[in-house]
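Colleague: got a predicted structure plus its sequence, pasted below:
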Amino acid sequence: MYTDKLINGFLIGLKNIVDRWGMTHDAQIALLTVSENATFMATDNNKKIIIRVHANGYHSYDEVQSELSWIMALKEGEVLNTPAPIKTTSGEIITTVNVGEAEHFVVAFDFVAGQEPEVNTDLATWFAELGSITAKLHQHSKTWDRPSGFTRKYWSVDNSIGANGYWGDWRKAAHLDAGGAEVISRAIEIIEERLERYGKDSSRFGLVHADLRLANLLINQNSMNIIDFDDCGFAWFSYDFAAAISFHELDPGVNELKLSWVKGYRSVTDFSQADEDEIDTFIMLRRIMLTAWLASHSHTTENKKLGAAYTDGTVSLAKTFVSANTLV
């Protein structure tokens, strides 16, 4: 839980260590977002950097190092536009900050200008671009020789929406009654059955970004930057589309976005009809994951903005998903 006291502790701690990235202690440090981690911007004269303070207990040191290794490989291969991690003056890519008795991993990134794309703009055009970028990302994932010790989370169905899932238990969602829980449980049975048939062949399952939601896309004129690889891990490749429409699953334009994304993806590499047919399964999976995440992250802006209404929407989507599918 991110309390005001903890955020203030981060601000004080970062002020004391900002010189590790070549900035002065006069640098201004401001909170940008609080989600799984807390993200800040440090400004020193005309220099800006982004600093991410990790929540304790979510990622190990090796997991953070592995994330940064992939980012640096993507940068070196010019696969996509993404901010580079910044080494400290002593050459470290991961440092720490202490708040009370707790030690938190800290990583700094280059500042990249841009704005999150707005839902009421021509999103379909940007989703075609996102589809082609995602295809290039997946191509790299399939061929990259990962370094020894590389470790990231494995986003199986159970790890995603099981009772002990990484993001919490959807059954604890606000405003969820017994009838709604029964519908979601039925949807999960169908998800498990469909994905068991679909399988985890290397052409379908591998290292993905796993959180390409609008907040992690920065548009600067005609360029799209991808940020926040904090949830990158092993999952189905088609899941990356479902993540892209996070919190907008019920919008009437989702089908158009899906068609644009698939078209963009296919402009780079193969995306089979079976892959396309499973996208709705991943949308349902992601929606349940986010319902669990909101239930366990009451401190976030998303929770305060969406609240119980999101749970109601999940039940509604689950009813539609169940009615469109039959277990065999």
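Modeller: Looks like it came in fine. Numbers count the residues shown, from 1 in each chain.

Colleague: tell me the pLDDT of the spatially most central residue of the chain.
Modeller: Central residue of the chain (C-alpha atoms, centre = their mean): Asp211, 2.2 Å from the mean position. pLDDT for Asp211: 97.

Colleague: nearest spatial neighbour of it, chain-adjacent residues omitted?
Modeller: Asp231 (4.2 Å; C-beta to C-beta, 6 or more residues apart in numbering). In this view, the C-beta of every residue, glycine as well, is placed from N, C-alpha and C.

Colleague: measure that neighbour to His104 for me?
Modeller: 18 Å (C-beta to C-beta, to the nearest Å).

Colleague: same question for Gly9.
Modeller: 10 Å.

Colleague: kindly report the same for Val208.
Modeller: Taking C-beta to C-beta as the measure, Val208 and His104 are separated by 26 Å.

Colleague: mind checking which of these two has more residues around it?
Modeller: Neighbours per residue (other C-beta atoms under 10 Å) separate Val208 from His104, with Val208 holding more: 25 against 20.

Colleague: identify each buried residue in the helix or strand where Asp312 lies, please.
Modeller: Following DSSP states H and E, one finds Asp312 within helix 301-323. By neighbour count with 16 or more other C-beta atoms under 10 Å, helix 301-323 contains the buried residues Glu302, Asn303, Leu306, Tyr310, Thr311, Gly313, Thr314, Val315, Leu317, Ala318, Phe321, Val322.

Colleague: nearest to Ser90, of those residues?
Modeller: Glu302 (36.3 Å; C-beta to C-beta).

Colleague: shouldn't the closest one be in contact with Ser296?
Modeller: No. If you go by C-beta atoms under 8 Å, Glu302 and Ser296 don't touch, sitting 11.9 Å apart.

Colleague: what pLDDT does the residue nearest to Leu32 when sequence neighbours are not counted get?
Modeller: Using C-beta to C-beta, 6+ apart and skipping residues adjacent in sequence, the residue nearest Leu32 is Thr39, 4.7 Å away. The per-residue pLDDT reported for Thr39 equals 97.

Colleague: what's the answer for Ile188, then?
Modeller: 98.
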